[in-house]
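# Show me how the following folds:
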Amino acid sequence: MVGIVGSGPYYLVVRPEALALWWPRVERNLPFLARKHEVRTYPDGSRAVVCGDLEALKVWYRGLSRG
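The predicted model follows:
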């Protein structure tokens, strides 16, 4: 439902069924993602945070997972 994919740039993808639970947390913590990033919305309802730095995205995602 939520995961990191890609081979550069990297995507933290939130599937439509997880949006209600995860997306408010993602939006609230976007200012803490220290690298250049963008948010994309897809026709199926998925949303993604796109970042070129995999390690920065992983560290940021771990912070999201902890709450």
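
# Show me which helix runs longest in this protein.
helix 54-66 (DSSP state H).

# who's in contact with that helix?
Contacts to helix 54-66, defined as CB atoms under 8 Å, 6 or more residues apart in numbering, come from residues 4, 8, 10, 12, 22, 25-26, 29, 32-35, 37, 49, 51. (C-beta placed from N, C-alpha, C; glycine too.)

# And the residues you listed, which two are furthest apart?
The distance between the two most remote of the contacts of helix 54-66 (CB to CB) is 24.9 Å, for Gly8 and Arg25.

# Between those two, which has more neighbouring residues?
Per other CB atoms under 10 Å, whichever of Gly8 and Arg25 has more neighbours is Arg25, with 14 against 8.

# Check which helix or strand that one maps to.
If you go by DSSP states H and E, Arg25 is part of helix 19-29.

# Sheet partners, orientation included, of the helix or strand that comes right after that helix?
Under the assignment DSSP H and E, the closest C-terminal helix or strand after helix 19-29 is strand 37-41. Here strand 37-41 has these sheet partners by DSSP bridges: strand 47-51 (antiparallel).

# and the strand it pairs with, average pLDDT?
Averaged across strand 47-51, pLDDT comes to 95.

# And that strand, how far out from the chain middle?
Distance, stretch centre to chain centre, for strand 47-51: 5 Å (CA atoms, centre = their mean, to the nearest Å).

# what sits up against the helix or strand of the chain at the bottom of the mean pLDDT ranking?
The weakest-scoring helix or strand in the chain, judged by mean pLDDT, DSSP states H and E, is strand 2-5 (a mean of 80). Defining contact as CB under 8 Å, 6+ apart, one finds that strand 2-5 is touched by Tyr10, Tyr11, Leu12, Val13, Val14, Arg15, Ala18, Trp22, Leu54, Leu57, Lys58, Tyr61.
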